[in-house]
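Enquirer: 3D, please:
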Amino acid sequence: MSTTAGAVRVASPTEGRNPRTTDLDRLGTLDLVRALHAEDAQVPAAVAAALPQLAEAVDLVVAALRRGGRIHYFGAGSSGRFGVLDAAEVPPTYGLPADRFVAHLAGGEQAMTAAVESVEDHADAGHAAAAQVGIADVAVGLTASGRTPYVAGALTAARAAGARTVLISGNPHAPLAALADVHIAADTGPEAVMGSTRMKAGTAQKLVLHTLSTAAMVRLGRTYSNLMVDVVATNAKLRGRVLAILVAATGVDEQTGRRVLADSGGDLKTAIVAVLSDLDPVTARIRLDEAGGHVRQAIAARP
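Expert: As a prediction, this is how the structure comes out:
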């Protein structure tokens, strides 16, 4: 059988040949990394052009989490792996239950460490993966080209379930845009190495994803100022970070901070409210609960 049997020519800026890097294999090492870096430097501007759509997606995610919904990432290959990373990192960083962000990678766990890219051609697999998506959820499709069948199946099923849908791609004319309420297209153009979308397109997806999840956590009150007040302190470094954040937020010395944290059962947000509102920890906790977990609102609330 011919190796081109069933081949599909994908029309996407990410699949073009880059005229700036045609001599890549002739360059010395320093010039080579300079050429790669010059291409990577274009990524932030491409993401910046998509910020209005990114803000729309943040609001969808915030609304879904407030109503008890979940955020599902669907992708294949590098795109899917970036989704897995973001879904793994958000809950411990911001104290969310582990099931609030769910990653679905075409090919399953095996695809995290080995190439099983052929599974991306199966729309039915994406459809099956989205079976657990509900009306309260948001489904986020990740695909550099904007046409991956696995993602198409997932977004189709999510829409049928009544969920809101977001597409993150590197193709302003992505065929799957019609399946999304919001299309975030970071047009990074042709890769330094033709077709290697783990490069600029992948970096753009990583930027979009961590901005999406971080902004959502800020909007949900999971930070106070720019401080990570919902961190789950599961090791010595993180326990030290909790103390450092309390000191930075309140201005107390470390000894006082250790005492207040102990009196607050180790809960950083309760400790901050207790110090800044001059309350005992029990009253601070009540004030915090009444404010929906927002430290700033709890501090501003009148007795």
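
Enquirer: Of all the helices and strands in this protein, which has the lowest average confidence?
Expert: helix 110-113 (a mean of 81; mean pLDDT, DSSP states H and E).

Enquirer: in the next helix-or-strand element following that one, what counts as buried?
Expert: Counting by DSSP states H and E, the next helix or strand C-terminal to helix 110-113 is helix 123-129. Across helix 123-129, burial judged by 16 or more other Cβ atoms under 10 Å covers 123, 125-127, 129. Every residue, glycine included, has its C-beta placed from N, CA and C.

Enquirer: could you say which helix or strand contains residue 172?
Expert: Short version, using DSSP H and E: residue 172 is in no helix or strand.

Enquirer: Who's the closest spatial neighbour of it, skipping the chain neighbours?
Expert: residue 185 (4.5 Å; Cβ to Cβ, 6 or more residues apart in numbering).

Enquirer: which phi and psi does the one you found have?
Expert: For residue 185, the backbone dihedrals (degrees, to the nearest 10) come out as phi -110, psi 110.

Enquirer: what is it paired to in the beta sheet?
Expert: With DSSP bridges applied, residue 185 shows beta-bridge pairing to residue 169.

Enquirer: For stretch 268-288, give the mean pLDDT please.
Expert: In this model, stretch 268-288 has a mean pLDDT of 95.

Enquirer: Could I get the buried residue list for it?
Expert: For stretch 268-288, burial by neighbour count (16+ other Cβ under 10 Å) applies to 268-277, 279, 281, 284-285, 287-288.

Enquirer: in the chain, which spans are helices?
Expert: 29-40, 43-48, 51-66, 77-94, 110-113, 123-129, 149-160, 200-219, 236-250, 254-263, 268-276, 281-290, 295-300 (DSSP state H).

Enquirer: Go through these and name the closest to residue 19.
Expert: When those are compared by Cβ to Cβ, helix 29-40 sits nearest residue 19, at 11.6 Å.

Enquirer: What residues of the closest one count as buried?
Expert: 32, 35-36, 39.

Enquirer: Throw these into a markdown table and include distance to residue 165 and pLDDT, thanks.
Expert: A markdown table is the format used below for the buried residues of helix 29-40 (distance: Cβ to Cβ, whole Å; pLDDT from 0 to 100):
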| residue | distance to residue 165 | pLDDT |
| --- | --- | --- |
| 32 | 40 | 96 |
| 35 | 37 | 96 |
| 36 | 34 | 96 |
| 39 | 30 | 95 |
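
Enquirer: got TSV for those, with distance to residue 110 too?
Expert: Shown next, in TSV, are those (distance: Cβ to Cβ, whole Å):
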residue	distance to residue 110
32	33
35	34
36	29
39	31
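
Enquirer: Of those, just say which sits nearest to residue 253.
Expert: Of all the buried residues of helix 29-40, residue 36 has the smallest distance to residue 253: 47.4 Å, by Cβ to Cβ.

Enquirer: contacting residues for the closest one?
Expert: Going by Cβ atoms under 8 Å, 6 or more residues apart in numbering, residue 36 touches 192, 199.

Enquirer: Let me see the contact set for the residue nearest the centre of the chain.
Expert: Residue closest to the average C-alpha location in the chain (Cα atoms, centre = their mean): residue 209, at 3.1 Å. Contacts of residue 209 were listed using Cβ under 8 Å, 6+ apart, and they are 73, 82-83, 86, 142, 168.

Enquirer: now, the most widely separated pair of the residues you listed?
Expert: The largest separation in these, counting by Cβ to Cβ, is between 86 and 168 at 10.7 Å.

Enquirer: So for the two, which residue has more residues nearby?
Expert: Neighbours were counted for residue 86 and for residue 168 using other Cβ atoms under 10 Å; residue 168 has more, 32 against 23.
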